[in-house]
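Asks: everything below, folded, please.
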Amino acid sequence: MKTDKTLIKKLKKGDIRAFNQLFEYYSPKLYGFALKYLKSEVEAEGLVQEVFIKIWNKRESLELDKSFHSYLFTIAFNFIKKQFEKRKVVSGIVDVLAPEIADNSTEKGILYRSVLHQVIDLLDELPDKKKKIFEMSRFEGLPSKEIAQRIGLAPKTIDNQISEVIHYLKERVDVNGIAIILFTLVMI
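Replies: Residues are numbered from 1 along each chain as shown. As a prediction, this is how the structure comes out:
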């Protein structure tokens with residue numbers, strides 16, 4: 001394999017073969033790193049994709065004198081941190097929504113983790129803008145008016161987007177409806 005520096009020069013010019021070589025070399029390492037911390041094959045695969053999408057989108061600004069390996073793993077580390085923060089927030093939501101499944105029994109623990117993963121996975125399936133609006137509202141606690149100013153939409157549109165996400169979650173989370181109903185009641 002050519003050196004990283006040579007491949008980065010080509011990548012900066014949009015060379016897809018250089019990108020593919022970097023991907024082939026680094027993706028197994030990133031996957032292993034992610035799997036170690038995330039404990040989820042799906043999330044680890046998603047991390048690899050996210051990192052390389054970011055690399056491709058920012059290829060023109062890559063710095064030749066910096067370590068590409070370090071850059072990749074810094075992106076990966078930040079992604080993992082975001083995943084843990086998201087899990088923590090969603091875990092807190094599930095604790096509030098369905099305290100009856102948030103105890104230490106094995107059966108309820110499995111149900112709890114199932115709901116937690118369902119909510120995380122469902123949020124990850126949302127279109128980027130809708131997901132961002134929901135996260136700004138529910139995870140950052142921003143009012144619709146402020147979100148509207150930041151995104152450039154009407155506050156009513158923001159409210160509609162949030163309602164759609166809640167409806168989307170209600171339809172898809174499977175806990176006999178209890179946790180998601182509580183979720184929507186608490187979050188509205």
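Asks: drop to CA atoms for contacts and neighbour counts, all remaining ones
Replies: Fine.
Asks: just the element for residue 66, please.
Replies: Per DSSP states H and E: residue 66 is located in neither a helix nor a strand.
Asks: tell me the spacing between it and residue 15.
Replies: 19 Å (CA to CA, to the nearest Å).
Asks: what are the buried residues along stretch 34-50?
Replies: 34, 35, 38, 43, 44, 45, 47, 48, 49 (16 or more other CA atoms under 10 Å).
Asks: residues making contact with that stretch?
Replies: Stretch 34-50 is contacted by residues 27, 30, 31, 32, 76, 79, 80 when judged by CA atoms under 8 Å, 6 or more residues apart in numbering.
Asks: the first one: what secondary structure?
Replies: This points to residue 27. For residue 27, the assignment made with DSSP: H, G, I helix; E, B strand; the rest coil gives helix.
Asks: who's in contact with it?
Replies: residue 48.
Asks: sorry, back to before: now the buried residues of stretch 34-50 as TSV including secondary structure, pLDDT and distance to residue 119?
Replies: Below are these laid out as TSV (DSSP: H, G, I helix; E, B strand; the rest coil; pLDDT from 0 to 100; distance: CA to CA, whole Å):
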residue	secondary structure	pLDDT	distance to residue 119
34	helix	89	20
35	helix	87	20
38	helix	81	16
43	helix	83	14
44	helix	87	17
45	helix	90	18
47	helix	88	18
48	helix	92	21
49	helix	91	21
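Asks: quickly note the distance from residue 119 to residue 141.
Replies: Distance of residue 119 to residue 141, given as CA to CA: 18 Å.
Asks: quick one: which of these two has more around it?
Replies: Under the criterion of other CA atoms under 10 Å, the comparison of residue 119 against residue 141 puts residue 119 first, with 23 against 11.
Asks: low-confidence ranges in the protein?
Replies: The chain contains residues with pLDDT under 70 at 1-2, 87-116, 173-188.
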